[in-house]
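1. show me how the following folds:
(one chain, ligands or ions: 1)
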Amino acid sequence: MEPSQKFEQSARAISRMMGMIFALFMVMGAFLVYLMIDPTFSAFRPDPKVDTVAVATVEEDDYDKIENGIHVRTGFVEGEGLMTVVNNCTNCHSAKLVTQNRMSADRWRATIKWMQETQNLWDLGKNEDIIVTYLATYYAPEKKGRRPNLENIEWYALEQ
Ligand code: HEC
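-> Now for the predicted structure:
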């Protein structure tokens with residue numbers, strides 16, 4: 001082999017190697033740049049934002065969850081007008097103050113009127129009928145009602 005041929009051969013080999021090293025650096029450089037932008041490789045994992053939204057939706061659903069016919073958050077019985085009652089009747093006092101009562105439609109209406117006159121309850125507009133109907137249906141005196149009236153009692157007089 002002539003020396004010039006030998007030289008040419010090794011020169012080609014060197015330039016090939018330089019090319020490969022250059023390509024390697026390019027790939028590594030690109031990788032490093034990516035690592036700087038996204039060090040946790042989050043682009044290759046499921047979007048955590050999507051998960052958060054899903055969780056938030058579930059929590060929102062849970063907020064007005066109904067279990068065994070009971071609105072869990074307030075204890076109201078499920079029925080037509082439930083959410084109108086929840087939204088108007090649990091702002092000032094607990095729902096329990098409502099659910100522990102049993103009244104006829106008239107008395108529910110009178111209680112609402114009393115709160116409007118003395119407790120700053122707002123005008124319920126069309127919702128008043130929805131609320132009274134709901135309450136008179138699910139919190140009526142007869143149905144599950146309070147205990148029966150006491151009978152045959154001998155009342156005693158309080159001594160002053
Ligand atoms: C603006 C505030 C407010 C809102 C809203 C409100 N109430 Fe009341 N309510 C009161 C206050 C104040 C009392 C008296 C609480 C007490 O005695 O501790 C009361 C008492 C009651 C009582 C007990 C009455 C009694 O004779 O002991 C019932 C029943 C009642 N509310 C039902 C309702 C219903 C049904 C709604 C929805 C239409 C409602 N409340 C919405 C303020 C409100």
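2. mind listing what's buried in stretch 152-160?
-> Within stretch 152-160, no residue counts as buried by 16 or more other Cβ atoms under 10 Å. (Each C-beta comes from the backbone N, C-alpha and C, glycine too.)
3. and stretch 112-119 with the ligand, contact?
-> Yes. Counting by Cβ under 6 Å from any ligand atom, the ligand is contacted by stretch 112-119 at 112, 115, 119.
4. got the contact list for the closest residue to residue 69 other than its chain neighbours?
-> Closest residue to residue 69 apart from its sequence neighbours, by Cβ to Cβ, 6 or more residues apart in numbering: residue 78 at 4.7 Å. Applying Cβ atoms under 8 Å, 6 or more residues apart in numbering, one finds that residue 78 lies in contact with 66, 69-71.
5. worst-scoring helix or strand of this structure, pLDDT-wise?
-> Sorting the helices and strands of the chain by mean pLDDT, DSSP states H and E puts helix 48-63 at the bottom, at a mean of 64.
6. what about the following helix or strand past it, distance to the chain center?
-> Using DSSP states H and E, the next helix or strand after helix 48-63 towards the C-terminus is strand 66-67. Computed by Cα atoms, centre = their mean, to the nearest Å, the chain-centroid distance of strand 66-67 equals 14 Å.
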